[in-house]
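**Q** what shape does this take:
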Amino acid sequence: MQPPPGFRLVAILRGITPAEAPAIAAALLEAGIREVEVPLNSPDPFSSIGLIREVLPDDCRVGAGTVLDVAQVDACGAAGGTLIVSPNLNPTVVARALELGLEPIPGVATPTEAFAALAAGARSIKAFPGETIGPAGLKAWKAVLPPEAAVLAVGGVAVDNLDAWRSAGAAGVGIGGGLYRPGDDADQVRRRAIGLVTAAGGLQ
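**A** Modelled structure (predicted):
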């Protein structure tokens, strides 16, 4: 089963090592997840990004998370990454990502920050932390944001609340600990990913 068309499922592999990365990426792809983020506070993250890029087809998205500065944007691009995910809004990070043809997804926690991210050139934004904003908060955001603004919910997202996030207007979600934790093997991740994709595929 695949996620609904246009609904993004991003696997956040915080803490993954280069030795684990290829097998975990292959397991995610087998389950139907085609977007992967490697946070930069993981061991040797750019090596993992490069290895994952080799495993996944060209139409999959791979990139870095917790990107805080322009040098990290450049390093992600050099490793073959195309996603630049941040916990905050740094307009220089957004600008550099766009200059390199990468997709910036800055983190925002308020409507003011969301509008600032869009003004900086981002087209996708990360509602973070999702636990604090909640589906009700996102629904209020979507009432005032431009309809083309894609909001991805990150933080506290799980199989049992996917429906609430999608109903609130989320264009996708990022899932970390509910999908992968350091030391998990590929079979564990595959089973969790299948459950997530199945739940997403059942959303209306």
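**Q** state the mean pLDDT of stretch 155-165.
**A** If you average the pLDDT over stretch 155-165, you get 93.
**Q** which residues sit against it?
**A** 128-132, 135, 138, 153, 173-175, 178, 195-196, 199-200, 203 (Cβ atoms under 8 Å, 6 or more residues apart in numbering). Bear in mind the C-beta positions are built from the backbone N, C-alpha and C, glycine included.
**Q** quick one: buried residues of it?
**A** For stretch 155-165, a neighbour-count test (16 or more other Cβ atoms under 10 Å) marks 155-157, 159, 161-162, 164-165 as buried.
**Q** again with stretch 62-79
**A** 62-67, 70, 72-73, 75-77, 79.
**Q** switch those over to CSV; also include secondary structure and pLDDT.
**A** Below are the buried residues of stretch 62-79 laid out as CSV (DSSP: H, G, I helix; E, B strand; the rest coil; pLDDT from 0 to 100):
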residue, secondary structure, pLDDT
V62, strand, 98
G63, strand, 98
A64, strand, 98
G65, strand, 98
T66, coil, 98
V67, coil, 98
V70, helix, 98
Q72, helix, 98
V73, helix, 98
A75, helix, 98
C76, helix, 98
G77, helix, 98
A79, coil, 98
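**Q** biggest separation within the residues you listed, which pair?
**A** The widest separation within the buried residues of stretch 62-79, taken as Cβ to Cβ, falls between V62 and V70 and amounts to 19.5 Å.
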